[in-house]
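K.L.:
sequence and predicted structure below; questions after.
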Amino acid sequence: MAANKESLVRYRAINRCLIEYKIATQDNLIDACTEAIGTYVSWRTIASDIKAMRSNEQLGYFAPIETVKGEGYRYAEKGYSIDSIPLKKEELTAISFAANLLKQYSNIELFSTFSGAVEKLSERVDLHLKQNNTTELGHIISFETSTADGGSKFINEMLQHIRQQTAIEVEYHSFSSNKTSIQVLHPYFLKEYRNRWYVIGFHEKYKELRTLALERINWLKPDYKTTYRPSNFDAESYYQNAIGVSITNQKPQKVVLAVSPQEYLFLKTQPLHHSQKTIEESENEIIIELHVILNYELKSQLLSFGSGIRVIEPPELSGFIKNEAAKLLHK
């Protein structure tokens, strides 16, 4: 057992001893630590541990251990234990932030086993903050939530099939054709994008990697008749040249954009893609360059900037934006 781990074991042994005895003698503490470690622990070591428990800032116990002359040691504060040490206000705020973040996934079956614990933790922390006259985070921070299911109900089942390497049969409702079909997929990877979940796998019919939106699946079941096709799927390289989840057979292209100074302030801190770089800057516009595939998400993001972005190249993308702008004006 490493020395630092031994120290932590001794601290807990000392803590239990001080709780069990009204006044713990040196012999009581030596016996407790020796039993916990499995080898003899000297009083000199224990005395050093008590000092650390009292004043070591990294431990953060600041244990109120007092010496009773001629008798031994005890906690001066009734009910004290290192297992229930008070947290600093900053630590409580950080825990509250994390708990509220986890609440966003409370509707996902996979997280249901500890959602109750998260709720209790959040309530307890908020109570402490209130007692310390500190505003609860829920009153000053709003976390993004989605009113749509996003396909989260299938996450747990999908994960099981990926881990067990089982092909699946799904009834899938296509938004583009508005038709429902039965499809067979060899699932490899789950991905979330803007509060919606997607599964990437080898499609039995098209014999290539395809992405299916979980929210468009009506039902799924294991397909034991189809032999699972293993893969060394690498998500990082698969999405390297894409924005979002739509992967096309096109090769990535150089995309050059002219951006207004106002929009550039946003894109400088939150780039469209990791390949984004600034080529030229002037008073009226900034030229940026990306290396990406021309997928749906890229086009949607460019359209969302309105007149704040001008596509310089490639012509195919520039033509698409012009066409969409013309249809918008017509409507």
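P.N.:
Looks like it came in fine.

K.L.:
burial of Glu6, as a residue count?
P.N.:
By other CB atoms under 10 Å, 18 other residues sit near Glu6. Every residue, glycine included, has its C-beta placed from N, CA and C.

K.L.:
could you report the pLDDT at it?
P.N.:
Glu6 is assigned a pLDDT of 88 by the prediction.

K.L.:
name the nearest residue to it, ignoring sequence neighbours.
P.N.:
Nearest in space to Glu6, with sequence neighbours left out and distances taken as CB to CB, 6 or more residues apart in numbering, is Ile37 at 6.0 Å.

K.L.:
residues of stretch 43-58 that come out buried?
P.N.:
The neighbour-count check on stretch 43-58 (16 or more other CB atoms under 10 Å) flags Thr45, Ile46, Asp49, Ile50, Ala52, Met53 as buried.

K.L.:
so Val259 sits right up against Gly306, yeah?
P.N.:
No. Using CB atoms under 8 Å, Val259 and Gly306 do not qualify as a contacting pair, with a distance of 11.8 Å.

K.L.:
tell me which of those two has more neighbours.
P.N.:
Per other CB under 10 Å, whichever of Val259 and Gly306 has more neighbours is Val259, with 22 against 11.

K.L.:
which strand residues bridge the more buried one?
P.N.:
On the basis of DSSP bridges, Val259 takes part in beta bridges with Ile286, Ile309.

K.L.:
now do the SS call for the residue of the chain most remote from its centre.
P.N.:
Note on the chain: the largest separation between a C-alpha and the mean C-alpha position, by CA atoms, centre = their mean, falls on Gly70 (54.3 Å). Here Gly70 is recorded as coil under DSSP: H, G, I helix; E, B strand; the rest coil.

K.L.:
which parts of the stretch 201-331 of the chain are helices?
P.N.:
Listed in chain order, the helices of the stretch 201-331 of the chain (DSSP state H, counting those that start in this stretch) span 235-238, 261-269, 296-304, 315-330.

K.L.:
dump those helices to JSON lines, plus mean pLDDT, distance to Gln183 and mean neighbour count.
P.N.:
Listed next are those as JSON lines, based on pLDDT from 0 to 100; distance: least, CB to CB, whole Å; neighbours: other CB atoms under 10 Å:
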{"stretch": "helix 235-238", "mean pLDDT": "93", "distance to Gln183": "20", "mean neighbour count": "10"}
{"stretch": "helix 261-269", "mean pLDDT": "93", "distance to Gln183": "37", "mean neighbour count": "14"}
{"stretch": "helix 296-304", "mean pLDDT": "95", "distance to Gln183": "20", "mean neighbour count": "15"}
{"stretch": "helix 315-330", "mean pLDDT": "95", "distance to Gln183": "29", "mean neighbour count": "12"}
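
K.L.:
can you verify my assumption that Ile200 contacts Glu192?
P.N.:
No. In this structure, Ile200 is not within contact of Glu192 by CB under 8 Å, at 12.0 Å.

K.L.:
all strands of this structure, in order?
P.N.:
Shown for the chain, the strands assigned by DSSP state E span residues 65-68, 72-75, 168-173, 180-193, 196-203, 208-213, 217-222, 253-259, 277-281, 286-292, 309-313.

K.L.:
hey, which of those strands is tucked in deepest?
P.N.:
Taking mean count of other CB atoms under 10 Å as the contact definition, the stretch among the strands of the chain with the greatest mean neighbour count is strand 196-203, which reaches a mean of 21.

K.L.:
who are the packing partners of it?
P.N.:
Taking 3 or more CB pairs under 8 Å, 6 or more residues apart in numbering; DSSP states H and E as the contact definition, the neighbouring helices and strands of strand 196-203 are strand 180-193, strand 208-213.

K.L.:
show me the contact partners of it.
P.N.:
Surrounding strand 196-203, the residues in contact under the criterion CB atoms under 8 Å, 6 or more residues apart in numbering are 146, 148, 150-152, 154-155, 158, 183-192, 208-215, 229, 231, 233, 235, 238, 245.

K.L.:
can you pull the contacts of the closest residue to Gly151 other than its chain neighbours?
P.N.:
Closest residue in space to Gly151, ignoring its immediate chain neighbours: Leu214 at 2.4 Å, by CB to CB, 6+ apart. If you count contacts by CB under 8 Å, 6+ apart, Leu214 has them with Gly150, Gly151, Ser152, Lys153, Phe154, Ile155, Met158, Arg196, Trp197, Tyr198, Val199.
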